[in-house]
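Trainee: model the structure of this input:
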Amino acid sequence: METRLRRMREQRNDHNENARRAADSRDSVQEQSRELRERIKERLDEQKEVRARAKLHQAKRDEIQNQMRELITQRRGKRSDEGTKSVVIQLSETIGEIDRIENRIMTDGSLSLDKENAMLKKLKSLIAKRDELMPAAEEFQVIEIDLGDMEGSIQLLRAEADSEHKAMLDANKEADTIWEDVKPMLEERDFLRAEGDRLHNAFVSSREAADGILSPKIKVLLDQVNEIRDELKAQREERERLIREHNQSVRDALKTPDEDEELASSLADELLEKGSITLGGTRTVDDPKPHRGKKRKKSRKIGTRRGKRD
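Mentor: So this is what the prediction gives:
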């Protein structure tokens, strides 16, 4: 039974070791994947900035082209609808009207008071409109438009539109190059993700196999083995106790009175109680006083015999 349990423990340890190795490999792969995702994010953020720059160049190009079309329309003598004019054209026309009114007020001395007041009122309205248009026009106003020289302004706008279009194409090309760099990184990311999932599944499988060894039946078997071990341990301790007690009793039996104070005391007590003690054979040593009297009497008889000679 113990051999079977030992074999099961070894199998469980093997499964746990496999699970540990799988977990270490999984963590290493996940760390590589995390670092790779950070690099991908940096490159994609860079690409996003480039795309935003391309869109800005595109918006400027479209606005310049819109201004150029309006100037061409005005050059041909057609009126543009106020609602379709670009912000820059509206601002240029407003500034030109303001300059014209201010110049007339300062130079025309024949203006009546009512006419001058009307022009001042219109000037105030135009200044308010200019202040309203300027923030919106600052983003797209690349060149100053001279409404007095439409042909020159159109040529300048066309050149600037071409420049913005080229900048847009260059930015999009740069963004495409970044994407080409990112694509293999995405493939590696997907591979690391799949490898991490595989190692995690291997980890889970090994842990389940290790836990499966500790099934209810195995736990019952372990309890039985532990119970037998406890019983054997108790028997061994009992045998050791009996052996110790036997050895101690033998040692106590072999002790002499000079080695055992308790034995010496018991013999002394026995001597005092009986008044005599037998040493060796059957001869008895009596009380000291009667014994001394008999010896003196016998010695006198022996002295009398010594006086006779044959």
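Trainee: quick check: closest non-adjacent residue to Ala209.
Mentor: Closest residue to Ala209 apart from its sequence neighbours, by Cβ to Cβ, 6 or more residues apart in numbering: His15 at 4.5 Å. Bear in mind the C-beta positions are built from the backbone N, C-alpha and C, glycine included.
Trainee: show me where pLDDT drops low in the chain?
Mentor: 1-2, 5, 74-89, 136-150, 214-218, 255-264, 267-268, 270-271, 274-310 (pLDDT under 70).
Trainee: show me where it has its helices.
Mentor: For the chain, applying DSSP state H gives helices covering 2-75, 87-107, 113-138, 150-213, 216-253, 261-274, 288-305.
Trainee: is it true that Glu102 touches Leu123?
Mentor: Yes: between Glu102 and Leu123 there is a contact under Cβ atoms under 8 Å: 6.7 Å.
Trainee: now the helices of the chain in a markdown table, with mean neighbour count?
Mentor: Shown next, in a markdown table, are the helices of the chain (neighbours: other Cβ atoms under 10 Å):
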| stretch | mean neighbour count |
| --- | --- |
| helix 2-75 | 15 |
| helix 87-107 | 17 |
| helix 113-138 | 13 |
| helix 150-213 | 15 |
| helix 216-253 | 10 |
| helix 261-274 | 11 |
| helix 288-305 | 9 |
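Trainee: so what's Lys122 up against?
Mentor: Counting by Cβ atoms under 8 Å, 6 or more residues apart in numbering, Lys122 makes contact with Ile101.
Trainee: can you tell me how far Glu240 is from Ala234?
Mentor: To Ala234, Glu240 is 11 Å away according to Cβ to Cβ, to the nearest Å.
Trainee: sorry, wrong one. I was asking about Ser153.
Mentor: As judged by Cβ to Cβ, Ser153 and Ala234 stand 112 Å apart.
Trainee: which residues does Glu102 contact?
Mentor: Taking Cβ under 8 Å, 6+ apart, we find Glu102 in contact with Leu123.
Trainee: and for Ser265?
Mentor: Contacts of Ser265 (Cβ under 8 Å, 6+ apart): none.
Trainee: heads up, I number from 446, so please use that
Mentor: Got it, the first residue is 446 from now on, which makes the last one we talked about Ser710.
Trainee: how near is it to Leu717?
Mentor: For Ser710, the distance to Leu717 - Cβ to Cβ - is 11 Å.
Trainee: now swap in Ala504 and tell me
Mentor: With distances taken as Cβ to Cβ, Ala504 is found 132 Å from Leu717.
Trainee: now Glu462
Mentor: Distance from Glu462 to Leu717, by Cβ to Cβ: 79 Å.
Trainee: same check on Leu631?
Mentor: Remark: distance between Leu631 and Leu717 (Cβ to Cβ) = 111 Å.
Trainee: please apply the same query to Pro580.
Mentor: Relative to Leu717, and taking Cβ to Cβ, Pro580 is found at 133 Å.
Trainee: quick revisit: shared neighbours, Ser710 and Leu717?
Mentor: When Cβ under 8 Å, 6+ apart defines a contact, no residue borders Ser710 and Leu717 alike.
Trainee: got the phi/psi numbers for Phe556?
Mentor: Quick fix: residue 556 reads Leu, not Phe. Here is the backbone geometry of Leu556 (degrees, to the nearest 10): phi -70, psi 140.
Trainee: that one against Asn562, yeah?
Mentor: No: Leu556 is beyond contact range of Asn562, at 9.5 Å (criterion: Cβ under 8 Å).
Trainee: intersection of neighbour lists for these two?
Mentor: With Cβ under 8 Å, 6+ apart, Leu556 and Asn562 have no common neighbours.
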